[in-house]
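*Asks:* I would like to see how this sequence folds:
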Amino acid sequence: MDFCIIILSSTPHKINREDKPGGGKGTYSATVLRSLPPPTLNIAAGGTALNHVELYSETPSSAEMSQLGNPANSSSSSSSIPVSEAYWSLVDKADRKFSKIRDLPYYERNRYDAYFHKAFKLYSQLWKLQQENRQKLVEAGLKRWEIGEIASRIAQLYFGQYMRTSEANYLSESYVFYEAIFTREYFKEGLLQDASLANRQLRFLSRFLMVCLLLNRREMVHQLANQLKMLLDDCKRTFQEKDVRESKLVVQEIMKFLKADTAFMNIRPFRYSVVLEPHPDSLTPVPPSRTKRYLRLQDAILSSYHQNEVKFSELTLDTFRMIQCLEWEPSGSFYRPNNRSGQNGGSGPSRSNFSQHIVDPTLPSNPRKSILYRPSVTHFLAVLATICEEMPNDGVLLIYLSASGIAKNILSSPAGSESINDAEDIDKTKSPCGQVGGGVKGPSTGCLSFGVRGKGGLSCIYPSDILPFTRRPFLLVIDSDVSEEFETIHGSEKGEPAAMLLSPSATSHTVATDYRHGSLFTFFLTAPLHAFCLLFGISGSDVEMDTFNKAENVLSSSLSEWGQLLVTSENLNQVWAQILNDPFIRRLLLRFIFCRTVLALYAPTIDSKYLRCKQQFRLLRKPGISRKQAMKCVLKISGKKIGPK
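*Replies:* Residues are numbered from 1 along each chain as shown. Sure thing, here's the model as predicted:
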């Protein structure tokens, strides 16, 4: 027997109905649709209390149907159209709406919202219609997998809305629907007798896996990956090679992805946790005397492409980490650090674990993100222009680009660079962080390649491509072997000086061209202590957790101290002063300083090209963060025996 669950919330999502003949508008709550989730789901209401899910029979109440608008009742009262015909007609209409919304690019948010509301309304009606008339529809030929397909479409709508808005609630709702489909096995009947049904189940598992990855439901991820692999093996024995070719690639990708992301997956969340890190309200603000305005991170464009890099679908490992780094841990103050055997943010997929579904209503909204995989320059510019047009006056745009470079006419560094032997030498090295000031020393044709290495054209992004958009404030993060080429932006801005974080132009020979663990620079920005361990060859399985936690405390206290020194420094540049009140940007900058210090101390053992850049990073000069303070933190962490004894 199937059950229906209604989520009661004091702040449900409201979806506008189409105009009524009388000119008025009505609303219905999306909460009445949520009839698939398992009965133990907990969510945080908009107020102070938590609402629990109540279990109902499959048939909705008359109040629920009147709130939603029952198409079956309205059609039967106005005509004698059979329920089955009304149902299939509604299916066709919903499919057309879904196709339109699926083809819309994620960055066109205003257009998408209108389509989302209409598509969501249709699938709401469709789900209730099949609930009301399940027996009649089954007699008319309705299959169980078709019911699962409706739920899957609803989950896809929620996931698409998360990708466009970055609101964690949508991602959680997508998980709830997918888990219900998984638990009730809607696609299992006749699975190995029909290749199309088998592929439908494979696609469902892949989509569910993506949601679980983003939510860090690690036990469920491995459960789904194993089931995906077993189902593929069964399909290869049953169907022709061409029927499972696409699914084979998906399974290969996810296995490589999990292997690459396994090392430190259970130690600490990538997202900003107010339990493990300073609460935004407790951060020392930049004094009003240092800046005329305070800006906040509003949007981010994230794009990463390297040959042979680890990815799942169009989500690369670096982008996957950056997505989480720019979001709040949804549970907020309800977060409970997990043990080593569980996944980040929870103890597994058990339905009895209510804390997984608690959302802290006091958290600010996440910055919206646009994820681009191998974009052409025209696509990148279209997304950039759209976001700049929609961004509010107090907003900052973060542009993260990670790609291999095509370098030409690069100024060579002086021969015989000296090693760094003491604290004073750190400031003598070239820094990968740009600052406002200084002019353009000449044209540069170096660029980032998001296509086949060595070919230019539409797959290349040049510094000059970004210049027209410097009329709006933004933070540029470049992770590339030609990152210094983007320093030419300084002095050429069209209105707003650019803040930049640029990666070293070279890294350790042990990790420079190895993308099995992602980029080291991006890893430092998203999980600095994990990157520190990786740099010194310490894997997640070798970590002594007690010592690791002590090292984490040292790093956290040091970063907090550095943050206070930065915002109170008389040398703080205006460009940074106006954006350092944003907790995400402040955290990125402080982690960058840690990365820079670690690599400055590590560079002499390999190559002096580590920190080859053209401008000094003045934030490390007194009365800001002293060189000895930065070194003290790194050396103190190095003294901890994190790895095996």
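*Asks:* quick one: contacts for the residue nearest to residue 105 when sequence neighbours are not counted?
*Replies:* Of all residues not flanking residue 105 in the chain, residue 383 sits nearest, at 7.6 Å (CB to CB, 6 or more residues apart in numbering). Just so you know, the C-beta spots here come from the backbone N, C-alpha and C atoms, and that holds for glycine as well. Counting by CB atoms under 8 Å, 6 or more residues apart in numbering, residue 383 touches 105, 107, 301, 370, 372, 375.
*Asks:* So the third one sits against residue 388, correct?
*Replies:* Read that as residue 301. No - at 10.2 Å, residue 301 and residue 388 do not qualify as touching, with contact defined as CB atoms under 8 Å.
*Asks:* Which one of those two is surrounded by more residues?
*Replies:* Neighbours were counted for residue 301 and for residue 388 using other CB atoms under 10 Å; residue 301 has more, 21 against 17.
*Asks:* give me the beta-bridge partners of the more buried one?
*Replies:* Judged by DSSP bridges, the bridge partners of residue 301 are residue 370, residue 399.
*Asks:* can you pull the pLDDT of it?
*Replies:* Here, the pLDDT recorded for residue 301 equals 97.
*Asks:* can you tell me how far it sits from residue 371?
*Replies:* According to CB to CB, to the nearest Å, residue 301 and residue 371 sit 8 Å apart.
*Asks:* Walking through the stretch 451-600 of the chain, point out its helices one by one.
*Replies:* Here the stretch 451-600 of the chain has its helices, by DSSP state H, counting those that start in this stretch, at 463-466, 520-526, 528-535, 545-568, 574-577, 583-602.
*Asks:* give me the element the closest residue to residue 581 other than its chain neighbours is part of.
*Replies:* Once flanking residues are discounted, residue 581 sits nearest to residue 294: 4.9 Å by CB to CB, 6+ apart. Residue 294 is part of no helix or strand, with elements assigned from DSSP states H and E.
*Asks:* could you list every residue that touches residue 294?
*Replies:* Contacts of residue 294 (CB under 8 Å, 6+ apart): 286, 394, 578, 581.
*Asks:* Please identify which of those residues is nearest to residue 505.
*Replies:* Residue 505 lies nearest to residue 578 out of the contacts of residue 294, by CB to CB, at 28.3 Å.
*Asks:* Show the pLDDT at that closest one.
*Replies:* At residue 578, the pLDDT value in this model is 93.
*Asks:* do the same with residue 45
*Replies:* Looking at residue 45, its pLDDT reads 30.
*Asks:* With the one 10 residues further on instead?
*Replies:* Each residue has a pLDDT score; the one for residue 55 is 24.
*Asks:* these two touch, right, residue 307 and residue 404?
*Replies:* Yes - using CB under 8 Å, residue 307 is in contact with residue 404, at 7.1 Å.
*Asks:* Compare these two (neighbour count), which wins?
*Replies:* The residue with more neighbours, out of residue 307 and residue 404, is residue 404; 19 against 12, by other CB under 10 Å.
*Asks:* okay, the angle between the helix or strand hosting that one and helix 583-602?
*Replies:* Using DSSP H and E, the element containing residue 404 is strand 395-406. Computed by axes from the mean of the first three to the mean of the last three CA atoms, to 10 degrees, the angle separating strand 395-406 from helix 583-602 equals 30 degrees.
*Asks:* What's the first helix or strand after strand 395-406?
*Replies:* Sequence-wise, the next helix or strand downstream of strand 395-406 (DSSP H and E) is strand 447-449.
*Asks:* Which strands border that next one, and is each parallel or antiparallel?
*Replies:* As defined by DSSP bridges, the strand partners of strand 447-449 come to strand 395-406 (antiparallel), strand 460-461 (antiparallel).
*Asks:* so which of those strands gets nearest residue 530?
*Replies:* Comparing these by CB to CB, strand 395-406 comes nearest, at 17.2 Å.
*Asks:* buried set for stretch 364-373?
*Replies:* For stretch 364-373, the neighbour count (16 or more other CB atoms under 10 Å) marks 366-372 as buried.
*Asks:* got the contact list for that stretch?
*Replies:* With CB under 8 Å, 6+ apart as the criterion, stretch 364-373 contacts 106-107, 109, 163-168, 280, 297-305, 311, 314-316, 319, 323, 326-328, 379-380, 383, 387, 398, 584.
*Asks:* Name only those of those that count as buried.
*Replies:* In the contacts of stretch 364-373, burial by neighbour count holds for 106-107, 109, 163-168, 280, 297-305, 311, 315-316, 319, 323, 326-328, 379-380, 383, 387, 398, 584, counting by 16+ other CB under 10 Å.
*Asks:* Of those, which belong to helices?
*Replies:* 109, 163-165, 168, 319, 323, 379-380, 383, 387, 584 (DSSP state H).
*Asks:* just curious, which of these is nearest to residue 489?
*Replies:* Closest to residue 489, out of all of these and judged by CB to CB, is residue 380, at 15.5 Å.
*Asks:* What separation do you get for the closest one and residue 305?
*Replies:* Separation of residue 380 from residue 305 (CB to CB): 11 Å.
*Asks:* again, but for residue 209
*Replies:* According to CB to CB, residue 209 and residue 305 sit 22 Å apart.
*Asks:* Likewise for residue 637?
*Replies:* Taking CB to CB as the measure, residue 637 falls 32 Å from residue 305.
*Asks:* just residue 403 next, same as before
*Replies:* 5 Å.
*Asks:* Need the residues touching each of the two.
*Replies:* Any residue near both residue 403 and residue 305 by CB under 8 Å, 6+ apart counts here, and that gives residue 450.
*Asks:* returning to that earlier point: could you identify the most distant pair in the contacts of residue 383?
*Replies:* The span of the contacts of residue 383, defined through CB to CB, is set by 105 and 301 at 12.5 Å.
*Asks:* related to what we said a few turns ago, what does the residue nearest to residue 581 show for phi and psi?
*Replies:* With angles defined as degrees, to the nearest 10, residue 294 sits at phi -120, psi 120.
*Asks:* pLDDT score assigned to it?
*Replies:* Taking residue 294 on its own, its pLDDT is 93.
*Asks:* hang on, the earlier thing: give me the buried entries from the contacts of residue 294.
*Replies:* Neighbour-count burial (16+ other CB under 10 Å) is assigned, among the contacts of residue 294, to 286, 578, 581.
*Asks:* Next one: residue 285 from residue 585, what distance?
*Replies:* Remark: distance between residue 285 and residue 585 (CB to CB) = 13 Å.
*Asks:* No further queries at this time; thank you.
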